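Student: turn this into a model:
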Amino acid sequence: MTSYKKYQVGEVRPSQLLLTYGVGAIIDLPHISTLIMGIDDWDTANAAEIHEERLLHAVQTALGGQVRQLLSPPASQENVYSPFDAANYIGVPVTAFPRWMVCSRPKCHLLAPVDSGYFELKANPYQPDRTRYIHHNCAHTPTALPSRFMIACEGGHLDDFPYIHFVHGNLPCKPLLRMLEIGVSGEPSDIYIKCDTCGKSRAMSDAFSSDEEQRYYPTCRGRRPHLRDFERESCAFKARTILLAASNTWFPLIFSAFSIPTAVDVLGQLVEEHWTILQAVESVRDIGVLRRTRLLEHFSQYGDDDIWAKVERKKTGQAVEEIVTPAELKIPEWRVLSNPTVAPKADDFEATPVNAPDGYTDIIQQVVLVERLREVRALTGFTRIESLSDYAEEEALPKDHIMPLSRHAPRWIPAAEVRGEGIFLQFREDAILQWLHKVTSAKHDALFRESHIRWRATRHIPMPEANYPTLRYVLLHTFAHALMRQLTLECGYTAASIRERIYAQSADDDREPMAGILLYTAAPDSEGTLGGLVSLGKPDALGWHIDAALEAMQHCASDPLCAEHNSHEDKTLHEAACHACLFSPETSCERGNKYLDRAVLVPTVQRSELAFFS
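Tutor: Predicted coordinates for the structure are as follows:
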């Protein structure tokens, strides 16, 4: 990771640059705090292109047809022994943020911007994590630490806390500020900002008071520090004070897709996998050019004429540019996973159907062991304060909440690929429909719908009645969480490393029904994971784990409070569910632990008439 002066300040994994520390996110290092700059400033010379056509179409639908590539973050080289080697500075650009620093010397505590002349950057090429700012004209040159306070708004803007205006208002002064702590708790009520010039001071607790008692109203200037500019139009959202380490500072908007084989022959599948290269081919002569440049090493067993015939056939079927929404990415996956014998074996996909466990054949239609799986994730934007998981993935996301990755329309976006394994369970459609048609299920569905509308209306989401996922989704989602918790006890993977993908869709004139779940784990290693999850999908082992998962769901350590939870009264989007029984890490759940209810699976201490599993 590099700054504009080519100082290395730390290291992160490529996958972290999408999910945790993407564009616009803050990385709090031991001595400084840095912000990832926009992709306009990235050097893509060492970035590799990631090929996934379906995901690229979805990104183009969201961001525009000018997006032509999915690129991995520029990776630094291994075995670079000299800290002064140019290869040691390959990475993504960052800048110090917040820009206000505080002297760590107890008798000083000077508070000033980093470019005020008081502070100096001391780089450490041998130990980059010890790079720091120092207060150079203070006794013993102490370390200057980043200020803990910032302001942000729901529009994605981020700015330094306006300390000068906070203390003085509109009164003129040549301030010399200090951040004083009168206690040891670190609470805002114990922190005061004092001006040595005029003697004015103010407690930071004034910036954190409730909306009803708010004493200070920071103004959002529309600042976009990752793009080094300000919005041209005034910001319509209300700025609020946040802490440097707050979890709501950055939420990524991630599109993801599995590499699913769509061709029935090996050559056709190779063309699908390398379509990003082959889509520019205009004749059989171009095939020879690509072969001479060693871009078609995987096609060594096939002639140029055969390859051109496949490319020409694919181009004829794609005369119109495909429009793909994020929700539609699941449809081809469902068709292949529910019919695994039709899909050919590929380098990044291998699925084996097995029988459903004994005792569940009337509910589970089939189980598919996905022994090889490749997932590609792309970062298309981010928000602050409010997570995009508040919205259903198939709806039009609010553009005024999403912060772009670049100043201009991007021609590429950051992406990462992971490989792993998974277990796919397909439920019988007739069993799902029979349960949904029960009177008690219909009433429960109406209850969830009312909670869905009220929850979205409270957050001023347009069309609050739209995009309700239905009780079908609640059932499948709850079962996925219950089984994930049980599998983590045996498979060797942590709870945060297993993810879910829910396929829930009712049948209508244009859509086929879907009722299934995919539990999978993946790693950035080229060989994927070790098979610990797939081994638990065999009928005997899976049956035992389903039994144990359902038994655990009957009782919760928080009962009877958990079982009595009512989404209508508490204005939430879950019923009988809590951290003690169903909630999963945010990296595992695709809907932020919403639309969950133990009562739809098994009888609880509160109700028994809803249980899908008798």
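Student: and stretch 362-370, which residues are buried?
Tutor: I363, I364, Q365, Q366, V367, V368, L369, V370 (16 or more other C-beta atoms under 10 Å). From N, CA and C alone the C-beta is placed, and that goes for glycine too.
Student: can you list the low-confidence ranges for the stretch 351-500 of the chain?
Tutor: Applying pLDDT under 70 to the predicted model, the residue ranges of the stretch 351-500 of the chain that meet it are 389-397.
Student: where do the helices of it begin and end?
Tutor: With DSSP state H, counting those that start in this stretch as the criterion, the stretch 351-500 of the chain has helices at 429-436, 439-458, 470-487.
Student: now swap in the chain and tell me
Tutor: Along the chain, the segments classed as helices by DSSP state H run 16-19, 53-63, 163-168, 266-273, 275-278, 284-292, 304-317, 330-337, 429-436, 439-458, 470-487, 539-553, 567-570.
Student: now for those, which one comes closest to V114?
Tutor: Closest of the helices of the chain to V114 is helix 163-168, at 13.3 Å (criterion: C-beta to C-beta).
Student: for the residue of the chain most remote from its centre, which non-adjacent residue is spatially closest?
Tutor: The outermost residue of the chain relative to its centre, with distances by C-alpha atoms, centre = their mean, is C198 at 46.7 Å. Spatial nearest neighbour of C198, chain neighbours left out: C173 (5.2 Å); criterion: C-beta to C-beta, 6 or more residues apart in numbering.
Student: count the residues that sit near that neighbour.
Tutor: 13 (other C-beta atoms under 10 Å).
Student: hmm, back to that, and the buried residues of stretch 362-370, which is closest to G381?
Tutor: Within those, distances to G381 taken as C-beta to C-beta reach their minimum at V370, with 29.5 Å.
Student: could you measure from the closest residue to Y302 other than its chain neighbours over to W308?
Tutor: Computed as C-beta to C-beta, 6+ apart, the closest residue to Y302 that is not its neighbour in sequence is L267, at 5.6 Å. Summarising the geometry, the distance separating L267 from W308, computed by C-beta to C-beta, to the nearest Å, is 11 Å.
Student: need the helices of the chain in JSON lines (columns: mean neighbour count and distance to L561).
Tutor: Formatted as JSON lines, those follow (neighbours: other C-beta atoms under 10 Å; distance: least, C-beta to C-beta, whole Å):
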{"stretch": "helix 16-19", "mean neighbour count": "20", "distance to L561": "33"}
{"stretch": "helix 53-63", "mean neighbour count": "22", "distance to L561": "41"}
{"stretch": "helix 163-168", "mean neighbour count": "17", "distance to L561": "41"}
{"stretch": "helix 266-273", "mean neighbour count": "19", "distance to L561": "51"}
{"stretch": "helix 275-278", "mean neighbour count": "18", "distance to L561": "53"}
{"stretch": "helix 284-292", "mean neighbour count": "14", "distance to L561": "64"}
{"stretch": "helix 304-317", "mean neighbour count": "15", "distance to L561": "57"}
{"stretch": "helix 330-337", "mean neighbour count": "19", "distance to L561": "35"}
{"stretch": "helix 429-436", "mean neighbour count": "16", "distance to L561": "27"}
{"stretch": "helix 439-458", "mean neighbour count": "16", "distance to L561": "18"}
{"stretch": "helix 470-487", "mean neighbour count": "24", "distance to L561": "18"}
{"stretch": "helix 539-553", "mean neighbour count": "18", "distance to L561": "16"}
{"stretch": "helix 567-570", "mean neighbour count": "14", "distance to L561": "11"}
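Student: may I see these organised as CSV, with distance to L253 added?
Tutor: Output for those, formatted as CSV (distance: least, C-beta to C-beta, whole Å):
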stretch, distance to L253
helix 16-19, 10
helix 53-63, 9
helix 163-168, 32
helix 266-273, 26
helix 275-278, 22
helix 284-292, 34
helix 304-317, 30
helix 330-337, 17
helix 429-436, 31
helix 439-458, 18
helix 470-487, 21
helix 539-553, 32
helix 567-570, 26
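Student: report the residue ranges of every domain in the protein.
Tutor: Recorded structural domains for the chain (assignment: automatic domain parsing) are 2-56+71-249, 348-385+419-600.
Student: how far away from the center of its chain is the last one?
Tutor: In terms of C-alpha atoms, centre = their mean, to the nearest Å, the gap separating the centre of domain 348-385+419-600 from the centre of its chain is 18 Å.
Student: for R372, list the residues it contacts.
Tutor: Under the criterion of C-beta atoms under 8 Å, 6 or more residues apart in numbering, the contact partners of R372 comprise A346, D347, D348, F349, E350, R419, E421, G528.
Student: where does pLDDT dip in the protein?
Tutor: The chain contains residues with pLDDT under 70 at 1-7, 76-88, 209-214, 262-266, 269, 273, 317-324, 389-397, 509, 525-529.
Student: the longest strand seen in it vs helix 429-436, what angle?
Tutor: Secondary structure assigned by DSSP state E gives strand 364-383 as the longest strand of the chain. Going by axes from the mean of the first three to the mean of the last three C-alpha atoms, to 10 degrees, strand 364-383 is angled at 70 degrees with respect to helix 429-436.
Student: what angle sits between strand 364-383 and helix 330-337?
Tutor: Using the same axes, to 10 degrees, strand 364-383 lies at 150 degrees relative to helix 330-337.
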